[in-house]
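Asker: any chance you could fold what I've pasted below:
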Amino acid sequence: MMKIVEGVYHGGKVELLEEPVEMKDDVPVMVTFLDDAGGIDLRERGIDLAHAADLRGRLSAFAEDWEAPDMDMYDERYGRK
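Answerer: Predicted coordinates:
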């Protein structure tokens, strides 16, 4: 099972915004630091965390193509890098 919980990084620790989290102890986690400078506000576009996770899962099949080195020319042409 995967559960997404928002939090903030402060003082060397991740503080979860949802308390308590219904999860057993000692379960592995992955923490992704979001760079809010120039990011896209998904909530502003009507996309919540669950919807975002669903979209990421559906689009993951294309990730290898998007990240291929020869795709950099599109990023450079359209100012994405």
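Asker: when you work out contacts or count neighbours from here on, use the C-alpha atoms and nothing else.
Answerer: OK.
Asker: which residues of this structure score low on pLDDT?
Answerer: 35-39, 75-81 (pLDDT under 70).
Asker: and the helices in it?
Answerer: Remark: helices assigned in the chain by DSSP state H are 49-59, 63-66, 72-77.
Asker: make CSV out of those helices and add mean neighbour count.
Answerer: Shown next, in CSV, are the helices of the chain (neighbours: other C-alpha atoms under 10 Å):
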stretch, mean neighbour count
helix 49-59, 12
helix 63-66, 11
helix 72-77, 11
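Asker: out of those helices, which comes closest to residue 13?
Answerer: Minimum separation from residue 13 across the helices of the chain (C-alpha to C-alpha) falls at helix 49-59, 21.5 Å.
Asker: coming back round to it: and of the helices of the chain, who's closest to residue 14?
Answerer: helix 49-59 (17.7 Å).
Asker: okay if I get the helices of the chain as TSV plus distance to residue 15?
Answerer: Shown next, in TSV, are these (distance: least, C-alpha to C-alpha, whole Å):
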stretch	distance to residue 15
helix 49-59	17
helix 63-66	30
helix 72-77	35
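Asker: how about those helices, which one is nearest residue 28?
Answerer: Among the helices of the chain, helix 49-59 sits nearest to residue 28 (C-alpha to C-alpha), with 17.8 Å.
Asker: quick check, central residue of the protein?
Answerer: Centroid-nearest residue in the chain, with C-alpha atoms, centre = their mean: residue 32, separated by 6.3 Å.
Asker: how about residue 69, what does it touch?
Answerer: The neighbourhood of residue 69, defined by C-alpha atoms under 8 Å, 6 or more residues apart in numbering, contains no residues.
Asker: which residues of the chain fall in strands?
Answerer: 7-10, 13-16 (DSSP state E).
Asker: same list (the ones you listed) but as JSON lines, adding mean neighbour count.
Answerer: Formatted as JSON lines, the strands of the chain follow (neighbours: other C-alpha under 10 Å):
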{"stretch": "strand 7-10", "mean neighbour count": "11"}
{"stretch": "strand 13-16", "mean neighbour count": "12"}
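Asker: distance to residue 47 added to the ones you listed, as JSON lines?
Answerer: Shown next, in JSON lines, are those (distance: least, C-alpha to C-alpha, whole Å):
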{"stretch": "strand 7-10", "distance to residue 47": "17"}
{"stretch": "strand 13-16", "distance to residue 47": "20"}
